[in-house]
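Colleague: below are the sequence and a predicted model for it; my questions follow.
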Amino acid sequence: MHLRDILKISLDNLRKRRLRTFLTVLGVVIGTASIVTMISLGLGLQQSMLQEVEESGGLKTITVSGAEAGESYFYSGNAGEQEDVEKYVTDSTLAKLKEIEHISSINPQYQMTAVALKGNYEAYIQLYASTKEGLENKNLKLGYGKMPTPGGSRLELVYGNAVLADFLEKGTNKGYWETGEIPNIDLTKDSVFLILDTDNYFKSLEKSQNAETVDEATKVKTVNKQVVKASGVMEGGIEAYSMNSYYVYCDIDALRKVLKKEFQGNVIPGQPTTKSGKAYRDFCYTSAEVVVDDIENVDQVINEIKNMGFNVQTNQDYLDSMKKQFFMIQAALGGIGAVSLFVAAIGIANTMMMSIYERTKEIGVMKVLGCSLKSIRRMFLLEAASIGLFGGVIGCTLSFILSGIINFLVAQGGAAMGLSRDISYIPIWLALAAIFFAVIVGVLAGMLPASRGMKLSPLAAIRGD
């Protein structure tokens, strides 16, 4: 019997028992959709992590840090792994780093908190200053404007798309997350007062609150305010989250000029002091971003920098740690889906076994007419494989629909939890693997019924009811 004839007979048998075939296929659909959807959640989280790594410089970037300098209110997940060091990252440090082989670029970074004022709104923002190349390495996608001009005498700011959420109404201390209303500020057009001396600002507020009468003119004089405008604003809505969404970026040379002019020999916020309490001689950076020419040379460069007495942090460390966690997540989610497919396999075996009992005479006649045992086995295996194939294809289609719904719901309401990216991701290889796996499950489930059909005695089968 030709394979084409066997396939035709198999499909005809499935069509004759449409309801049973439908219910069996439905079990495979549910099992396949469960596995694919569950695994897609793990893959989506991993994809989001990889995008964050790219936003922070990729795998060839090393962050070099020394003794603490600058101010940051963002928590660093690896802070506890860093050793206490006494050396500061200064211009002389950058010069020494340039002597290390395989380093293609070095970009100093400085972070500090500042206060932004606009009308009746106040915001505590995180300033991130770096060189032109350092800012470009952040892969900032601008929806308006351009990157800051390097070395300017005035501060030009690039606002993260979620910075508006930091602006709170004076008096009520309520902002977007409390009221649901975006502050009446257009960062692309409006000038903003920027206060770099936050300690002095807080003292002035305390003084005004405790004084019986407040001289508004006197209070303004005690705080130096920089009038700044946006050079650019990142694309995305206020709820679209990324690693860069809440930062305000500027050129590091421009920030240094403004700080030195404003403080004129006094201690700049976040900068170290001498034992006598005076300003430190050199400007100290929060860290330096080192880009290695090839990923194969990263470990060598790390060792040399550590020998200089500095801490290093790479995205590879973060990536390796997260991969282990995501592997466990995917295994757990895949295991949950596999239970559904195992139940579907039992359904296929049951369907095929019932089919043998109902077609006993048909099998006997086929044997009497000279049909080989191999052909009979192929017929039942093809039926089981067809059920797996149909269920796998429909299940994968359903998975893509469910994935789209999940991502849509996350896009609508997940930004407040930091879930603005797609958390369900189905690559083509996963869909093809799921279909192949469903077919294999069908074939394995049909092995026992096919073996039973081969063992039926032709005469007993013909005489049976």
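Modeller: Looks like it came in fine.
Colleague: show me the shaky parts of the stretch 101-250 of the chain.
Modeller: Applying pLDDT under 70 to the stretch 101-250 of the chain picks out residues 208-222.
Colleague: the stretch 51-200 of the chain: strands as residue ranges?
Modeller: 61-65, 103-118, 121-130, 142-145, 156-159, 167-169, 192-195 (DSSP state E, counting those that start in this stretch).
Colleague: pipe these into JSON lines and attach distance to A338 and mean neighbour count per row.
Modeller: Glycine gets a C-beta too; all of them are placed from N, C-alpha and C. Shown next, in JSON lines, are the strands of the stretch 51-200 of the chain (distance: least, C-beta to C-beta, whole Å; neighbours: other C-beta atoms under 10 Å):
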{"stretch": "strand 61-65", "distance to A338": "38", "mean neighbour count": "22"}
{"stretch": "strand 103-118", "distance to A338": "46", "mean neighbour count": "20"}
{"stretch": "strand 121-130", "distance to A338": "44", "mean neighbour count": "22"}
{"stretch": "strand 142-145", "distance to A338": "43", "mean neighbour count": "15"}
{"stretch": "strand 156-159", "distance to A338": "47", "mean neighbour count": "24"}
{"stretch": "strand 167-169", "distance to A338": "49", "mean neighbour count": "20"}
{"stretch": "strand 192-195", "distance to A338": "55", "mean neighbour count": "20"}
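Colleague: would you list those in a markdown table and tack on distance to D320?
Modeller: Below are the strands of the stretch 51-200 of the chain laid out as a markdown table (distance: least, C-beta to C-beta, whole Å):
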| stretch | distance to D320 |
| --- | --- |
| strand 61-65 | 15 |
| strand 103-118 | 22 |
| strand 121-130 | 26 |
| strand 142-145 | 32 |
| strand 156-159 | 31 |
| strand 167-169 | 38 |
| strand 192-195 | 39 |
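Colleague: which neighbouring elements make contact with the one helix or strand A433 maps to?
Modeller: Here A433 is covered by helix 428-455, with elements defined by DSSP states H and E. Helix 428-455 sits against helix 18-55, helix 315-358, helix 373-413, with contacts defined as 3 or more C-beta pairs under 8 Å, 6 or more residues apart in numbering; DSSP states H and E.
Colleague: average pLDDT for the shortest one?
Modeller: Per-residue confidence for helix 18-55 averages out to 79 on the pLDDT scale.
Colleague: helices or strands up against that helix?
Modeller: Using 3+ C-beta pairs under 8 Å, 6+ apart: helix 18-55 touches helix 315-358, helix 373-413, helix 428-455.
Colleague: mind putting these in a markdown table, mean neighbour count included?
Modeller: Converted to a markdown table, the helices and strands packed on helix 18-55 look like this (neighbours: other C-beta atoms under 10 Å):
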| stretch | mean neighbour count |
| --- | --- |
| helix 315-358 | 16 |
| helix 373-413 | 20 |
| helix 428-455 | 18 |
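Colleague: now the ones you listed as JSON lines including mean pLDDT?
Modeller: Below are the helices and strands packed on helix 18-55 laid out as JSON lines (pLDDT from 0 to 100):
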{"stretch": "helix 315-358", "mean pLDDT": "71"}
{"stretch": "helix 373-413", "mean pLDDT": "83"}
{"stretch": "helix 428-455", "mean pLDDT": "80"}
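Colleague: quick one, which of the ones you listed is nearest to D422?
Modeller: Comparison of the helices and strands packed on helix 18-55 against D422 by C-beta to C-beta identifies helix 373-413 as nearest, at 4.4 Å.
Colleague: tilt between the closest one and helix 428-455?
Modeller: For helix 373-413 against helix 428-455, the angle between stretch directions is 150 degrees (axes from the mean of the first three to the mean of the last three C-alpha atoms, to 10 degrees).
Colleague: helices or strands up against helix 373-413?
Modeller: Judged by 3+ C-beta pairs under 8 Å, 6+ apart, helix 373-413 is in contact with helix 3-16, helix 18-55, helix 315-358, helix 360-368, helix 428-455.
Colleague: quick one: that helix to chain centroid distance?
Modeller: Mean C-alpha position of helix 373-413 versus that of the full chain (C-alpha atoms, centre = their mean, to the nearest Å) differs by 28 Å.
Colleague: picking up where we left off before, quick one, which of the helices and strands packed on helix 18-55 is nearest to Y280?
Modeller: Closest to Y280 of those, according to C-beta to C-beta: helix 315-358, at 30.2 Å.
Colleague: show me what that closest one is packed against.
Modeller: If you count contacts as 3+ C-beta pairs under 8 Å, 6+ apart, helix 315-358 packs onto helix 18-55, helix 373-413, helix 428-455.
Colleague: the same query, at a cut-off of 10 Å, please.
Modeller: With contacts taken as 3 or more C-beta pairs under 10 Å, 6 or more residues apart in numbering; DSSP states H and E, helix 315-358 sits against helix 3-16, helix 18-55, strand 61-65, helix 298-307, helix 360-368, helix 373-413, helix 428-455.
Colleague: show me the chain divided up by domain.
Modeller: Domain assignment for the chain, taken from automatic domain parsing, gives 3-52+322-463, 61-293.
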